[in-house]
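Quick one, what's the 3D model for this:
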Amino acid sequence: MSQKNLLLIDGFNLLSRGHFATSYGRPDDKLKNSEGLYTNALRVFFQKLFNLIEEHSITHMAVAWDVKRDETTRSREYDFYKSQREDLPPPLIEQYETLTVMLNDMGIEQLTVPSYEADDVIGTLASRWSADGLGKCFIYSNDRDLFQLLDENVSQIINRKKEELVYSHALFQEEFGINSSQWVDVKALLGDRSDNIPGCPGIGEKSALPLIREYGSLDAVFSQIDELDQKYNRYKKKLAAGKETTYISKDLSAIICNIAELENFLFESLELKLNKETVLEELNCKEVRIRLSM
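Okay, here's the model as predicted:
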């Protein structure tokens, strides 16, 4: 049986990064194709997509999309979650709409599950794929929250120092000295300003990771605040005062890996059968060089 490799793409993460990286300082007409459609982010998206497919011998793929912010289970329970984010710029929205049509025409599966974020869709599929022993899974996103999904079969492709790195569970353990399942406890202490997740006020990177590395979990830390090593004395009052927001932050940071709607999902539907010429014609982007060995 030939090796199967699954690629899961956080759609908005890639598309928005492509847009903002190529739009600043450029005249509006330079971002459009001959039909007047914005294509700057689309070009980046497809260049990256085809490169990933070739480089990692991808056989199966899906693009996961977020639902609207106010429609997620997290936002309904905590109305402050991501409430500070501004609306997406019109050129990005237009390209999202164009992209969903193009991916559909190409036969690439796109997944959106009501009330869930793209991270949850990716988490559910990656966990199932790995547990079923179907092959390697590569997650494409620069969101470090997804580190909690890493295991022996699941890696994340991230940009670091202008280079792409296949970030494996072994590499994660080497760098942080914890298991990937403990990452959500570190994130709970740190919070996330971009998502409006409060964390534990006064606890930063110099203390969050060492606490979880030494004591193993949030529960262990909070159950023995008074007995923590003396090197954490300056943090004891901050931990006690921030316990409630820390556990709220864990609830918000934990990726859901058991979406019921995907329980019987058939991975056969993710098998790649691409029509590259359709993409080039619609983008009016002849300079994009595609090298696929499929």
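
for the stretch 1-150 of the chain, what are the low-confidence residue spans?
1 (pLDDT under 70).

Next up, the contacts around the residue lying closest to Ile122 once chain neighbours are set aside.
What sits nearest to Ile122 in space, not counting adjacent residues and going by Cβ to Cβ, 6 or more residues apart in numbering, is Leu8, at 4.7 Å. In this view, the C-beta of every residue, glycine as well, is placed from N, C-alpha and C. Counting by Cβ atoms under 8 Å, 6 or more residues apart in numbering, Leu8 touches Met61, Ala62, Ala64, Ile122, Leu125, Ala126, Cys137, Phe138, Ile139, Tyr140.

Kindly confirm my reading that Leu8 is in a strand.
Yes - under DSSP: H, G, I helix; E, B strand; the rest coil, Leu8 falls within a strand.

Ignoring the adjacent residues along the chain, who's closest to Ser249?
Nearest non-adjacent residue to Ser249 (Cβ to Cβ, 6+ apart): Ala188, at 4.4 Å.

so which strand or helix has that neighbour?
Element membership of Ala188 [criterion: DSSP states H and E] is helix 183-190.

mean confidence for that helix?
For helix 183-190, mean pLDDT rounds to 98.

If you count contacts, what does it end up packed against?
Of the remaining helices and strands, those touching helix 183-190 by 3 or more Cβ pairs under 8 Å, 6 or more residues apart in numbering; DSSP states H and E are helix 169-176, helix 205-215, helix 218-223, helix 243-253.

And the last one, what's buried?
Right, helix 243-253. Going by neighbour count (16 or more other Cβ atoms under 10 Å), the buried part of helix 243-253 is Thr245, Thr246, Ile248, Ser249, Lys250, Leu252, Ser253.

Report the contact partners of Thr72.
By Cβ under 8 Å, 6+ apart, the neighbours of Thr72 are Asp66, Tyr81, Ser115, Tyr116, Glu117.

one more time with 7 Å, if that's ok
Contact analysis of Thr72 by Cβ atoms under 7 Å, 6 or more residues apart in numbering lists Ser115, Tyr116, Glu117.

Could you do Leu272 as well?
Per Cβ under 7 Å, 6+ apart, neighbours of Leu272: Ile53, Ile58, Thr59, His60, Met61.

returning to that earlier point: identify, from the contacts of Thr72, the entry nearest to Glu35.
Checking the contacts of Thr72 against Glu35 by Cβ to Cβ gives Glu117 as the nearest, at 32.5 Å.
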